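K.L.:
sequence and predicted model, in that order:
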Amino acid sequence: MPTPDLEASNVGKVYGAHVAVDGLSFEVQRGSFFSILGPSGCGKTTLLRLIAGFLAPDRGEIRIGGQPMNGVAPNRRPVNMVFQHLALFPMMSVGENVGYGLARRGVARGEIARRVGAMLERVGLAGAQGKRVDQLSGGQKQRVAIARSLVLEPTLLLLDEPLGALDLKLREHMKIELKQLQAAFGTTFVYITHDQSEALVLSDQVAVMNAGRFEQLGTPQSLYYSPATAFVAGFVGNNNRIAGRATGVAGEAVELVTDEGLYLFARRSGPVAQGDAVEAFVRPEIMSLARNRAELGDGQPAYDGRVESLLFDGANSAVLLRESATQREFRIALPQTGRFADLKAGESVAFGFDPQQAVCFGVDRAS
Amino acid sequence: MSTDPARLHKLQTRLLWGLLLAPALFWLIGLIVLPHVELALLSLRVRVAPRVYEPSIAQYRTFFEEPLYWHTFVRTAVMSVIATALTLLLAFPIAWTIAKIARGRTRALMFVLCLIPFWVSETVRTLGWMILLRESGVLPQALAALGLTAVPLELLYHDTTILVGLVYTSLLFMVVPLIGALDTLDDSLIEAAYDLGGSGLTILRDIVIPHAAPGITAGCIVVFMLTLGNYLTPTLLGGKNSLWFTEQIYTQFITRFNWEQGAAFGFLLLVLSTAIVWLGLKLAGQKFGDVMRRT
């Protein structure tokens, strides 16, 4: 197995009393797209700056391409970074921006021009060398920022929430472009974001970060279908979060009851004993909806509910309903066939879900 | 009949504009334009007999024929340029620290430290320098006491003394536009430049200075104008050796009552100042309008 492009061993960073990064150890393989996903303040920007070299870790070591990087200045690391607000140099033209790193390395002028031209073509901005930065659109500026870093052929490309400032349509378009660029160039990308949709779409591996620690590191699929902790289950994708008490545990199956008296069944993840406080997570799309119980069929626990409101969002439409007896709210994804397009608020429906697909975690009393 | 209210309204608007602009116009015309016209007329005549005057360019001719005036002129310009350059070199690190490195209370404190010398008048400041630097003053006595010099030296009345005084007086006028210019520089630009392989020096040259160029030019223009037209500091600190052109103007007006000559010198200084500023703007590639927006 070739040396991983990025290795972190027990990296830690503390600001006074606040632990920003808490002893992280992980590896990123060559040519992969690695995302770090987490809410604001979880320490992901600190981690990125530690990798880039703008901060020095208090303990632990970072190795890039097998070489230890402790004490190496950012302008000497084989790492380049795309900043959140892109940090394009307004006093230079697009060509000068992209060629800046090459000029600092002492590459000949003719060679710089050639490489800059080739790189701009690859990102779809052929012939834009002469333009000023303020003449470009948001998406074009993105591509110039990426071109400026990739032209130096770094071992690692770091991206600090680059799509945050773009509008929705452009963001969706750039997600696909980034994924294609990474596949085309084969450079290892390390991407940080708070948008779980970006992390899921773009990455080969995702690390979910919370309070300086990785809660889970794995493929997007494993994060989505098999979350390791309650935080991951709640953060990645939409979820119905139900708190309750475990009334029965049989192997992996758990029966739990909410405070209002609603009985649910789920699969446990981690140790759960009878009587423990638990949290169950049921994804909106695994829940089945029917006009009445007969339509639902057997094989699954069924419940009655009343529709409270409809959230129409094209193919992502959902319905908010309340379970009849306990008034517990659930969000259920509407099938994309449009079968329930005529559903109205106040209607009675039946719903259910497969307990195997719902996950439940013991609530840590200490936290 | 129907146009009367419209015309009345138009008249009212014009009157309003006139009233609003009146103080500025009065100041501009009455206190700047008219005196300059008067001085211009003065400079173009010569006294042939008591209370008898003739139009002539003799005043200007005197300037070009008499070596003293010409030398003083050039010396003033050169030393002003040097003083401006020194002020820039000193002010840049100060402005950088205040704008980029200091935070919160420290930043405000440093700015106040730059401001404090200006709470006393220029006269008192210059006299303060005299107390420090004269032969019986603090610095020469200290140097002699430490054994670095055999006897207390006379540190006043040298060219360097004048430069020290001018730079001290001009520092704030350079620091303020520089702070303004550097404040708008995004830290992430500097980090990006480091990330791409830049060093401190190349970043200064390629990113910081081009960004701060209008602020630098604005500061330099203000400082240059102030030092060129400064009367007090060069005369007090340089004494008889100062040979500052403003002193020549003063001599003509006050000591010799030769207002015609003084007026001519005044206009020559104005032309010199304008020419050097224009040359400076050309060299720096800046436009006057852009620069003035940054002061």
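P.N.:
Good, I have the coordinates.
K.L.:
alpha carbons only for contacts and neighbour counts from here, please
P.N.:
Will do.
K.L.:
which helices and strands does the helix or strand harbouring B:V291 pack with?
P.N.:
Counting by DSSP states H and E, the element that carries B:V291 is helix B:288-294. When contacts are defined as 3 or more C-alpha pairs under 8 Å, 6 or more residues apart in numbering or on different chains; DSSP states H and E, helix B:288-294 packs onto helix B:159-183, helix B:209-228.
K.L.:
go through the ones you listed and name the closest to B:R105.
P.N.:
If you check each of these against B:R105 by C-alpha to C-alpha, helix B:159-183 wins as the nearest, at 16.1 Å.
K.L.:
rounded mean pLDDT for the closest one, please.
P.N.:
Helix B:159-183 shows a mean pLDDT of 93.
K.L.:
does the first helix or strand past that helix going along the chain reach chain A?
P.N.:
Later in the chain than helix B:159-183, the nearest helix or strand by DSSP H and E is helix B:187-195. Yes. Against chain A, helix B:187-195 shows contacts by C-alpha under 8 Å from any C-alpha of the partner chain at B:188-189, B:192, B:194-195.
K.L.:
interface residues of chain A facing chain B?
P.N.:
Residues of chain A lying near chain B (C-alpha under 8 Å from any C-alpha): A:52, A:74-76, A:79-81, A:83, A:87-89, A:91, A:100-101, A:104-105, A:149.
K.L.:
looking at the stretch 51-200 of chain A, which residue is nearest chain B?
P.N.:
Per C-alpha to the nearest C-alpha, A:N75 is where the stretch 51-200 of chain A lies closest to chain B, at 4.2 Å.
K.L.:
how about the contacts made by that residue?
P.N.:
B:194-199 (C-alpha atoms under 8 Å, 6 or more residues apart in numbering or on different chains).
K.L.:
hey, where'd the strands end up in the stretch 1-150 of chain B?
P.N.:
B:45-49, B:52-55 (DSSP state E, counting those that start in this stretch).
K.L.:
quick revisit: what's the mean pLDDT across the helix holding B:V291?
P.N.:
Mean predicted confidence for helix B:288-294 is 71.
K.L.:
cool, stretch A:54-63 as well?
P.N.:
For stretch A:54-63, the per-residue pLDDT averages 91.
K.L.:
what's the closest non-adjacent residue to the one residue in the stretch 151-295 of chain B that gets nearest to chain A?
P.N.:
In the stretch 151-295 of chain B, the residue that lies nearest chain A is B:G197 (4.2 Å; C-alpha to the nearest C-alpha). By the measure of C-alpha to C-alpha, 6 or more residues apart in numbering or on different chains, the closest residue to B:G197 outside its immediate chain neighbours is A:N75, 4.2 Å from it.
K.L.:
dump the contacts of A:N75 into CSV; add pLDDT and neighbour count as well.
P.N.:
Converted to CSV, these look like this (pLDDT from 0 to 100; neighbours: other C-alpha atoms under 10 Å in any protein chain shown):
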residue, pLDDT, neighbour count
B:Y194, 91, 22
B:D195, 91, 25
B:L196, 91, 28
B:G197, 89, 23
B:G198, 87, 23
B:S199, 89, 15
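K.L.:
which single one of these is nearest to A:R267?
P.N.:
Using C-alpha to C-alpha, the contacts of A:N75 come closest to A:R267 at B:D195, 47.4 Å.
K.L.:
okay, now the unreliable bits of the chain?
P.N.:
Since no chain was named, I'll use chain A. A:1, A:365-367 (pLDDT under 70).
K.L.:
oops, I was thinking of chain B
P.N.:
Residues of chain B that meet the cut-off, pLDDT under 70, sit at B:1-3, B:294-295.
K.L.:
which bits of it sit near chain A?
P.N.:
So chain B meets chain A at B:186, B:188-189, B:192, B:194-199, B:207, B:210-211 (C-alpha under 8 Å from any C-alpha).
K.L.:
redo that, cut-off 7 Å
P.N.:
Residues of chain B lying near chain A by C-alpha under 7 Å from any C-alpha of the partner chain: B:188-189, B:192, B:194-198, B:210-211.
K.L.:
turn those residues into TSV, columns for distance to B:A142.
P.N.:
Formatted as TSV, the residues of chain B next to chain A follow (distance: C-alpha to C-alpha, whole Å):
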residue	distance to B:A142
B:S188	47
B:L189	47
B:A192	49
B:Y194	45
B:D195	49
B:L196	50
B:G197	48
B:G198	45
B:P210	43
B:H211	43
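K.L.:
residue of the stretch 1-150 of chain B closest to chain A, please.
P.N.:
B:I101 (15.5 Å).
K.L.:
ok, now how distant is that residue from B:L172?
P.N.:
18 Å (C-alpha to C-alpha, to the nearest Å).
K.L.:
compare these two (neighbour count), which wins?
P.N.:
Shown here are B:I101 and B:L172; by other C-alpha atoms under 10 Å in any protein chain shown, B:L172 has more neighbours (22 against 11).
K.L.:
got a list of what that one touches?
P.N.:
Each residue near B:L172 by C-alpha atoms under 7 Å, 6 or more residues apart in numbering or on different chains is listed here: B:114-115.
K.L.:
pull out the buried residues from the one helix or strand B:T202 maps to.
P.N.:
In the assignment (DSSP H and E), B:T202 maps to helix B:200-203. Neighbour-count burial for helix B:200-203, counted by 16 or more other C-alpha atoms under 10 Å in any protein chain shown, picks out B:I203.
K.L.:
can you tell me which residues contact the residue of the stretch 151-295 of chain B closest to chain A?
P.N.:
B:G197 touches A:75-76, A:101, A:104, counting by C-alpha under 7 Å, 6+ apart.
K.L.:
and it, which of the three is it?
P.N.:
Under DSSP: H, G, I helix; E, B strand; the rest coil, the three-state class of B:G197 is coil.
K.L.:
distance check, it against A:L152.
P.N.:
The value you get for B:G197 to A:L152, if C-alpha to C-alpha is used, is 10 Å.
K.L.:
same check on A:G248?
P.N.:
Counting by C-alpha to C-alpha, the gap from A:G248 to A:L152 is 59 Å.
K.L.:
higher neighbour count, the two?
P.N.:
The residue with more neighbours, out of A:G248 and A:L152, is A:L152; 20 against 17, by other C-alpha under 10 Å.
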